[in-house]
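Pasted the sequence and its predicted model underneath.
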Amino acid sequence: MNPNSMAEDLKTRVKDFWQANPCGAKFAEEGIGSREFFAHVERHRYETEWHIPEVVGFDRWRDKDVLEVGCGLGTDGVRFARAGARYTGIDLTERSIELVRRRFEYEGLAAELRAADAEALPFADSSFDLVYSHGVLHHTPDTEKAINEVHRVLRPGGTAMVMLYHRRSYNYYVNIMTLRRLGVRLLRFDWGPRFVHKLTGEDEARLSELQRAYRRDPAALLDRNEFLNQNTDGAGNPLARAYSRREALEMFSRFNATRAEVHFLNKRWIPLIGNLMPRAVERRLARVAGWHLWIIARK
């Protein structure tokens, strides 16, 4: 199979995964697509990732043309629209677009929504004042191509805000590559998924899926790239990448002004003291070892 065909096959698998697992849906128990479901998802997002409104400043984008690449369940998109932005949202999956359209209809808000590929944005050059993408572009086969598309559709002087997973973080080195790699060995036992579920709260069905992968080929699952895939957004995720600041900034080299910020400690994976940590301490540690690497760039 040639490289282009391999990339398209991977993208199809990425799409299939997110079509079946809309981003953020696992954090709500209410019926998916209900008013209560969206309210729960929004509450969870900003209680857990309280830094997002601070970084984005939704009110700053009133009367501006905003594109969100990978709109998920529309949680941030609704915030842009409530603040008075002219909001456009795209997602690779039709399921996401269906749910976001319903979300906006509940609130009587206007939006342009369409299924589209981040690597080939269906918009003219210089169309938007802000292109925003939170936790999406590390899931597409050619992240740099998607970033170049962000640059193309931005107006001169426009802003890009893109969150990528941060490799030099507590979550990558300690949680995923140390604690989880040790813990996954428990899945060799029949009681493993149930035990790990009680220990961590992870979904037992997804742990059972990891168990099957581990039993089928332990070495393949424990490969660092594959292990990252399976331990960011759920078992079965075919692609996830994490970047250093330097690597991320290099991909944004076409922009005129670029800075990197690190947020979100993911403290629920810090044993014993994580949930007791004061926000001031969390903020300070997250700036050094946080899981979310934000690139904020000006065209």
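All right, it came through fine. Only a predicted model underlies this, so the values are computations on that prediction, with no experimental measurement involved. Numbering: from 1, shown residues only.

From here on, just use CA atoms for contacts and neighbour counts.
Will do.

quick one, strands of the protein?
65-69, 86-91, 112-115, 128-134, 154-166, 242-243, 257-263, 292-298 (DSSP state E).

how about CSV for those, with mean pLDDT, distance to residue 278 and mean neighbour count added?
Shown next, in CSV, are the strands of the chain (pLDDT from 0 to 100; distance: least, CA to CA, whole Å; neighbours: other CA atoms under 10 Å):
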stretch, mean pLDDT, distance to residue 278, mean neighbour count
strand 65-69, 98, 32, 24
strand 86-91, 98, 35, 24
strand 112-115, 98, 39, 17
strand 128-134, 98, 25, 24
strand 154-166, 98, 22, 22
strand 242-243, 98, 27, 20
strand 257-263, 96, 15, 17
strand 292-298, 98, 19, 24
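
Tabulate those strands (a markdown table), appending distance to residue 249.
Output for these, formatted as a markdown table (distance: least, CA to CA, whole Å):
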| stretch | distance to residue 249 |
| --- | --- |
| strand 65-69 | 19 |
| strand 86-91 | 24 |
| strand 112-115 | 28 |
| strand 128-134 | 15 |
| strand 154-166 | 11 |
| strand 242-243 | 10 |
| strand 257-263 | 7 |
| strand 292-298 | 7 |
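
Which among these is found nearest to residue 48?
Taking CA to CA, strand 257-263 is the member of these nearest to residue 48, at 11.4 Å.

The closest one versus strand 292-298: what angle between them?
Going by axes from the mean of the first three to the mean of the last three CA atoms, to 10 degrees, strand 257-263 is angled at 160 degrees with respect to strand 292-298.

What is strand 257-263 packed up against?
Counting contacts by 3 or more CA pairs under 8 Å, 6 or more residues apart in numbering; DSSP states H and E, strand 257-263 packs against helix 245-251, helix 279-289, strand 292-298.

Quick check: which of these is buried the most?
Ranked by mean neighbour count under mean count of other CA atoms under 10 Å, the helices and strands packed on strand 257-263 are led by strand 292-298, which reaches a mean of 24.

Partner strands of that strand, with direction?
As defined by DSSP bridges, the strand partners of strand 292-298 come to strand 154-166 (antiparallel), strand 257-263 (antiparallel).

and it, how far from the chain's centre?
Offset of strand 292-298 from its chain centre (CA atoms, centre = their mean, to the nearest Å): 14 Å.

Residues in contact with that strand: which ones?
With contact meaning CA atoms under 8 Å, 6 or more residues apart in numbering, strand 292-298 is reached by 157-166, 245, 248-249, 252, 255-264.
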